[in-house]
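>>> I need the structure of the sequence given here:
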Amino acid sequence: MNHSETESTALGCELAGEVVSTFGEVCLRVSGASMVPSIHPGDLISVHRANLSDISAGEIALYLREGRLFAHRVVARGGNPESPYLILRGDRHRHNDPPVSPSELLGRVQWIERGHRRLEAGARLGMWQRMIAMLLRSSNRATYLYLRVEARRRKFFTGRAECRV
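Below you'll find the model as predicted:
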């Protein structure tokens, strides 16, 4: 990414943060794979403004750090009343993100739209999703293959269900 693309991305991320702060909600298209299998690249997420005290372990939160947006799962709360923080981690990641302060937190992911389906974001990973996430943590190749299979499955099933005029 060149310098102007980096600046443009940072400005876009800051703008998204301003929209959440001002209007209480923003919808964003996901580009990364850190949250697979919960959130896929290309999914649309709806983020609602929330305070650090409103967010619980297991939920997905959005934060802004160094000009980049991250939507990761909350694994713990920490700190004290004067300096609270959240510990987050992408479902595919082995390590936690550095602590997220209240000033970095933008909100909570309410729902995920994938194709023609809207999925609730607040649910914890089920047994199968946890097993898939463990496999995907160990291999970028496995993640690539998983996303390819999911894309073909979606295309096959949604293609048959659509009405064509």
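>>> from the chain's centre, how far out does the helix or strand encompassing Ser46 sit?
Element membership of Ser46, judged by DSSP states H and E, is strand 44-49. The chain centroid and the centroid of strand 44-49 are separated by 9 Å under CA atoms, centre = their mean, to the nearest Å.
>>> Buried residues, it. List them.
Judged by neighbour count using 16 or more other CB atoms under 10 Å, the buried positions of strand 44-49 are Ile45, Ser46, Val47, His48, Arg49. Where you see a C-beta, it was placed from the backbone N, CA and C, and this is true even at glycine.
>>> how much space is there between the first one and Arg152?
This means Ile45. In this structure, Ile45 and Arg152 are separated by 23 Å, where distance is defined by CB to CB, to the nearest Å.
>>> and Pro99, what does it touch?
The neighbours of Pro99, taking CB atoms under 8 Å, 6 or more residues apart in numbering as the test, are Gly78, Gly79, Tyr85, Leu86, Ile87.
>>> Distance check, it against Arg77.
For Pro99, the distance to Arg77 equals 10 Å [CB to CB].
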